[in-house]
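In: Provided below for reference: sequence and predicted model.
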Amino acid sequence: MAIAPLPPRPAGERPDTRTAFSLNGADVAARADETILQVADRYGVAIPRLCYKDGYRPDGNCRACMVEIEGERVLAPACCRLPSAGMKVTSTSARAVKAQQMVLELLLSDMPEQSASPYKRESELDRWAAALDVRAPRFPQRHQPAPDLSHPAMSVNLDACIQCGRCVRACREEQVNDVIGYAWRGEHAKIVFDLDDPMAASTCVACGECVQACPTGALMPANNVGLIVPEKSVDSACPYCGVGCLLTYNVKDNQILSVDGRDGPSNASRLCVKGRFGFDYVHNPRRLTTPLIRRTGVAKTTGILDPDDLASAFREATWEEALDAAAAGLRGIRDTRGPSALAGFGSAKGSNEEAYLFQKLVRTGFGTNNVDHCTRLCHASSVAALLEDIGSGGVSNQVADVALADVAIVIGSNPTVNHPVAATFMKNAAKAGTKLIVMDPRRNELARHAAYFLQFRADTDVALLNAIMHTIVEEGLADEAFIRERTENYAALKMLVAEYSPEKIAPVTGIAAHTIREVARLYATSERSMIFWGMGVSQHVHGTDNARCLISLALLTGQIGRPGTGLHPLRGQNNVQGASDVGLIPMSFPDYARVDDPDVNQRFEALWETKLDSKPGLTVTEVMDAAHAGTLRGMYVMGENPAMSDPNVGHAREALALLDHLVVQDIFFTETAGYADVILPASAFPEKTGTFTNTDRRVQLGRQAIDPPGQARQDLWIIMELARRMGLDWNYAGPREVFAEIRRAAPSMAGITWERLEAEGSCTYPLEHEGDPGEPVIFVDSFPRPGGRALFAPAAFSDAAELPDERYPFIFTTGRQLEHWHTGSMTRRASVLDALEPEPTIVIHPDDLAAIGVAPGGTLTLESRRGTLTASARADRGMQRGTLFMAFAYNEAAANILTNDAIDPFGKIPEFKFCAVRLRAGGELVESRL
Amino acid sequence: MYREQGGYAQLERAFKELTPKDVADICMGSNLRGRGGAGFPTGRKWSFLPNNGHPRYLVCNCDEAEPGTFKDHMLLEQTPHAIIEGILIGAYAVGCHHAFIYIRGEFKAGFAIFRAAVEAARAAGYVGKNLFGTGFDLELTVHRGAGAYICGEETGLLNSLEGKRGEPRLKPPFPAVKGLYGEPTVVNNVETLAYLPHILRNGAEWFAKVGPERSPGYKVVSISGHVKNPGNYEVPLGTTIRQLIWDCAGGLRDGRTLLGVQPGGGSSACLFEEHLDLPYDFESISKAGSMLGSGAMVVFDDTTNFVKAAHALIRFYAHESCGQCTPCREGGNWLEKTLVRILEGRGLHSDVDMLVSASHQLTGLNLCPLGDSIEPFLASVVKRFEAQFRAYIREPKAAPVAV
């Protein structure tokens, strides 16, 4: 066999890290830690292997990769053997080949057909058997297990299983879900889920990593889609959360067949249930495919329209007609009532290009800064605090840094549910020795891997964090040099936290004083400590204060500006970072340039060649209030669903109903679309190309895989058509041209070229000049504030806006669940996700449930001062007594009917995480309307 | 009672008068070789522990499950304190402060006896903190397995002891470098450790002088099968097989002749009449193509059906395979099925041919020795007693081709 010459030594590798040895008679060199198999692959020497998977820990169990090493009595598995200098390795000797063939023959004898896997095209076993000329086996077949087709997403056909254990490593070592195990012995040895339960009855979270790992098709996507030959495979990104996983769509006949994880910098080929199995919403028959115009005389009510009865309220229209009507309404309001009577809600689900053009349309076409999106409901308070204290809203360090951290605090975040793939890296780190400190009023899965789990009383974050800082100051653990050289206003913080001794705070938070002290010492004294947080921190009326405390904690200990340290607010939506970056917020132009800064204003007036408003616009919640007040009369909503996502959603729905003109652009008939005057059918994520910025500040390319259905059009086209009708002369040929303009508008992204995105798929900003590597860690030397110093912003503990009382004794808190995204508009229309979590549930401590005599699964009715809803009870010991939780994805029991629309004064974020409700048994369950 | 016979005196002496290195040197000088099966020199095994400041562990392997072996079982029930003293001396020698003993799940009675003995030793001040006022702490944890042959393999044992599935680990790293809880660990057999007090009392010379130079000392041999007096016999290594069978175990049953003898447990190849005068030691048995193993001798007389005997052993190994490695899991299962087919009269002549040719290919391919243990006995008896196997085949021999 011909062997390729030694490849050039990679830059930076020292020569002495290479090991020279001989492989099949040719001189080869191994890099440090490279196994014989890896070297062979690099040199193009084919050695069969089945239990080995690139990136996974080699297990060496299948014994297909046996090679002969001169001077050794027995053959060695190439996959887990490191070569030593001068070693003579042969993979093609008669003895080695015979051993390899023997293994393949033994495994082949177990296949259902004794020839080829009937579940997978190109089973790796079949491929290697053909390569080594192993024919029909001589051996008797084993007893074949029955298929397990219990799960809606995956089929389990263990008759094709070769016990290679790749799924076990996928489940336990990659995703760390610990569901799949290897049970029994000898010929009974088999892959099991939990205690040999059917897959659907097990604790499987359906990440599908095992399916991706399986070499023979024993684990496959359900319904045999693995047997269909795709026409094309398109490299793209995941449309769901901010982790920013890269993936590949397998497509045939304009249908997505399946999704594979791709080796992206933020996901290392991993995906979660939404990304892997939640794609068929795009093919849902309820997709909007024709422009619709509200019939004259049909009043807007606050009820939810029946999607089967759209025709009673809307009529189909041509695009020309619909766009004209949409623009005419907006133009009329602008010209009669002034620009500030208009507002636009863009979407964190859209691309950077869409967000950029949308805000540019509102600012230059409508003439107002009334443009916002759901960042207001998510991390607005975190961003307010970050901008105030360290001068930048982006994360300081990427998720992957958790592997470098000795300690990581995860507070107010449930990453296994909301950022599942990021959570896998946290769990990997915990297994490798990083100490996790999980702080949350609700116990989550990550707590299982935590060194400390602090289940503090809801909403006492500030008290808890101040007590931690108190300990650090009191015990002399503060980083005085860092404070002196890189911060200001420390004296004020020191004075404030002096009031918060752990002993005093313990009864407030419910966390023992010694635990608070231990956690403080651990965080402060470790070489590298990191902080992750989520919406449990931000969605409070003092969300900004919560975030300020976290920032102060990092500054106080100097745990920022180095790898494995820093602050990471886990971004929710796939492009919430990017949408904010490109100016889809009312106070800033792209790159957080304040609209009320005259220099900035001038710069953008020059760039956009038009007069601009210098007054910050209204935020999401303020827009609704303005609609109620009658000062705001028309809106353009692209891909947002305020009729489900806003707090006190009854109030928001009334506001929408009061508008004179509402244009909704979406892929489904959302709850918000029910209030529209014109509905424009848009494109779903896989139907367009654009860039998306993840929580790590990585700008990544999503590529079009399929065409939009019916008359649905790409969003960029719709925005441009509306802009034309608003009097703007735009001629962007596509996302690439829009991106070129973004580079001019946002200096921190100026160095990212479209060509580089196409080649690399992902670039981390700040990246100001072409060719820069990008900066994964920022604030290394200074903070982007006056003098380069960060600010300590001390925050005193204060109560939530609405505390439980005798009438409303329970605390109600909201969030998401693994299977459903946000308001459910996508995921509830994705068949697998809907099958896994079909209906709303109220999560409650079993003792609270027992106290009112309801069994798990029974019906409960919740009532707040703002509304009432009914749903089934789900008992969960992770809840504290007296606290209830609901996901807000279900329109039949919309959690936001209950929530309080009180807002944080700085971030303008509503208090989704705390309101008072009362609870009673029974009630009338409502059918979903999707 | 044990103390009256001089028990624990050597432990006390070791702690009070000898340095750990002294004890290790004595062990090295005695040339004691592991009594668990592999026969690795104990002193050398100890010397592999790296001096890296990490905690070290000593684990006593009492997961005796090799077919035909019943010596540790007896020691456990009848001289538990000798084992305890051996463990403690060994632990002192290697600088271990927490020793473990892993007792086979089926040894229910032995487990209870041993645990009581450990408590007695603790009460007497031999286990626990500050032993003999030297400041040396030594804890001994008694763990009972759940009944898996594979946990007798040292890395399978360590996994099981850690609460994991009893699966052997890839080597390297060897336990001496990365063993229990990832720390340097020695795993020694019960019998090996039980010799330590005697070696200390009588000196390295005393042990090293007995028997052949490279396999010195005494050994407990479990003799079973077609002999008059099966049982455990402690003999100097180098005693001949003939002496063991006739002088110790009383010879064959009346009127019977010997067909074969398995010298070292179920994993060893069968020896035959011509081997009877071989000295029973590691080298000689190995040279004859078998192994001394754990010292379990099974004697077969002329009533033996070797097809059934081979099947019984293969069934055991196929059943006990941990299931990791393909050749062991699949191959063992395949051999068992083939033997069943032959025994049930459905076999073909080609099956017998394949038993010889394919079974060799299962050896040397697995992570641990279990996979290599499947084949030796079968291969040796198929070769010697092929006629017994062919007698089961009903398929007519292929007719000679007419010329």
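Out: Received the coordinates, thanks.

In: report pLDDT for the residue of chain B found nearest chain A.
Out: Ranked by C-beta to the nearest C-beta, the top residue of chain B for proximity to chain A is B:G323, at 2.7 Å. C-beta coordinates here come from the backbone N, C-alpha and C atoms, glycine included. You'll see B:G323 listed with a pLDDT of 94.

In: what's the answer for A:E122, then?
Out: 85.

In: what's the answer for A:L6, then?
Out: 45.

In: contact partners for A:Y356?
Out: Residues in contact with A:Y356 (C-beta atoms under 8 Å, 6 or more residues apart in numbering or on different chains) are A:V582, A:G583, A:L584, A:P590, A:V738, A:E741, A:I742, A:A745.

In: which SS class is it?
Out: At A:Y356, secondary structure determined by DSSP: H, G, I helix; E, B strand; the rest coil is helix.

In: what about the stretch 251-400 of chain B, any weak spots by pLDDT?
Out: B:359, B:397-400 (pLDDT under 70).

In: chain A contacts on that one?
Out: Within reach of chain A by C-beta under 8 Å from any C-beta of the partner chain, the stretch 251-400 of chain B has these residues: B:318-327, B:329-334, B:337-338, B:341, B:354, B:358, B:361-362, B:364-367.

In: just the buried members of the residues you listed?
Out: Neighbour-count burial (16 or more other C-beta atoms under 10 Å in any protein chain shown) applied to these gives B:318, B:320-327, B:329-334, B:337-338, B:354, B:358, B:361-362, B:364-367.

In: thinking again about what came up before, and the two most separated of the contacts of A:Y356?
Out: Among those, the pair separated by the greatest distance (C-beta to C-beta) is A:L584 and A:E741, at 14.8 Å.

In: can you map out the helices along the stretch 1-150 of chain A?
Out: A:36-42, A:94-108, A:124-131 (DSSP state H, counting those that start in this stretch).

In: other SSEs contacting the longest one?
Out: So the one you mean is helix A:94-108. Under the contact criterion of 3 or more C-beta pairs under 8 Å, 6 or more residues apart in numbering or on different chains; DSSP states H and E, helix A:94-108 touches strand A:66-69, helix A:124-131, helix B:326-343.

In: contact partners for residue 276?
Out: I went with chain A, as the question did not name one. A:A153, A:A206, A:C207, A:G208, A:V211, A:Q212, A:L247, A:V259, A:G261.

In: wrong chain, I was asking about chain B
Out: B:T240, B:I241, B:R242, B:I245, B:L258, B:V261.

In: please report the distance of it from B:G289.
Out: Distance of B:L276 to B:G289, computed by C-beta to C-beta, to the nearest Å: 15 Å.

In: what would the helices of the stretch 1-150 of chain A look like in TSV with mean neighbour count?
Out: Shown next, in TSV, are the helices of the stretch 1-150 of chain A (neighbours: other C-beta atoms under 10 Å in any protein chain shown):
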stretch	mean neighbour count
helix A:36-42	21
helix A:94-108	22
helix A:124-131	19
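
In: A:A916 is nearest to which of those helices?
Out: Comparing the helices of the stretch 1-150 of chain A by C-beta to C-beta, helix A:124-131 comes nearest, at 57.4 Å.

In: report all helices and strands that the closest one contacts.
Out: So helix A:124-131, by 3+ C-beta pairs under 8 Å, 6+ apart, packs with helix A:94-108.

In: how far does the helix it packs on sit from the chain's center?
Out: 44 Å (C-alpha atoms, centre = their mean, to the nearest Å).

In: how about stretch A:876-888?
Out: 22 Å.

In: which non-adjacent residue is nearest A:L496?
Out: A:P794 (3.8 Å; C-beta to C-beta, 6 or more residues apart in numbering or on different chains).

In: what sits against the residue of the stretch 151-300 of chain A found nearest chain B?
Out: Closest to chain B within the stretch 151-300 of chain A is A:A189: 2.7 Å, counting by C-beta to the nearest C-beta. With contacts defined as C-beta under 8 Å, 6+ apart, the neighbours of A:A189 are A:Q163, A:Y182, A:A183, B:S321, B:C322, B:G323, B:R329.

In: in helices only, show me these.
Out: Those of these mapping onto helices are B:R329, per DSSP state H.

In: which among the contacts of A:A189 gets closest to A:R697?
Out: Checking those one by one against A:R697 (C-beta to C-beta), the nearest turns out to be A:Y182, at 40.0 Å.

In: from A:V402, how far off is the closest one?
Out: In terms of C-beta to C-beta, A:Y182 sits 28 Å off from A:V402.

In: more neighbours: which of these two?
Out: A:V402 (26 against 20; other C-beta atoms under 10 Å in any protein chain shown).

In: surely B:T363 and B:D372 touch.
Out: Yes. The criterion here is C-beta atoms under 8 Å, and B:T363 meets it with B:D372 at 4.9 Å.

In: which ones are touching the residue nearest to A:L496?
Out: A:N489, A:A492, A:L493, A:M495, A:L496, A:V497, A:R548, A:S552.

In: just the element for the last one, please.
Out: I take that to be A:S552. Using DSSP states H and E, A:S552 maps to helix A:543-557.

In: I'd like the next helix or strand past that helix.
Out: Assigned by DSSP H and E, the successor of helix A:543-557 is strand A:566-569.

In: counting contacts, what elements does the helix or strand hosting A:A759 pack onto?
Out: According to DSSP H and E, A:A759 maps onto helix A:754-760. Helix A:754-760 makes packing contacts with strand A:698-702, helix A:735-745 when contacts are defined by 3+ C-beta pairs under 8 Å, 6+ apart.

In: nearest to chain B, of the ones you listed?
Out: Among these, strand A:698-702 sits nearest to chain B (C-beta to the nearest C-beta), with 34.9 Å.

In: just checking: what are the partner strands of the closest one?
Out: strand A:690-693 (antiparallel), strand A:762-764 (antiparallel) (DSSP bridges).

In: can I get those strands in JSON lines with mean pLDDT?
Out: Below are the strands paired with strand A:698-702 laid out as JSON lines (pLDDT from 0 to 100):
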{"stretch": "strand A:690-693", "mean pLDDT": "98"}
{"stretch": "strand A:762-764", "mean pLDDT": "95"}
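
In: out of the ones you listed, deepest packed?
Out: strand A:690-693 (a mean of 29; mean count of other C-beta atoms under 10 Å in any protein chain shown).

In: quick one: residues in contact with that one.
Out: Taking C-beta under 8 Å, 6+ apart as the rule, strand A:690-693 contacts A:237, A:244, A:350-354, A:574-575, A:577-578, A:581, A:699-702, A:716, A:735, A:739, A:757, A:765.

In: again, only using 7 Å
Out: Outside of strand A:690-693, the residues within contact range by C-beta atoms under 7 Å, 6 or more residues apart in numbering or on different chains are A:237, A:244, A:351-354, A:574-575, A:577-578, A:581, A:699-702, A:735, A:739, A:757.

In: list, one by one, the residues from the stretch 101-250 of chain B near chain A.
Out: B:A148, B:R165, B:L170 (C-beta under 7 Å from any C-beta of the partner chain).

In: which strand or helix spans the last one?
Out: B:L170 is located outside every helix and strand, with elements delineated by DSSP H and E.

In: what does B:V381 give?
Out: Counting by DSSP H and E, B:V381 is part of helix B:375-384.

In: got it, and B:Y233?
Out: B:Y233 belongs to strand B:231-236, assigned by DSSP H and E.

In: so A:L618 versus A:P339, what's the distance?
Out: 12 Å.

In: bridging residues for B:V235?
Out: Here B:V235, judged by DSSP bridges, has bridge partners B:K219.
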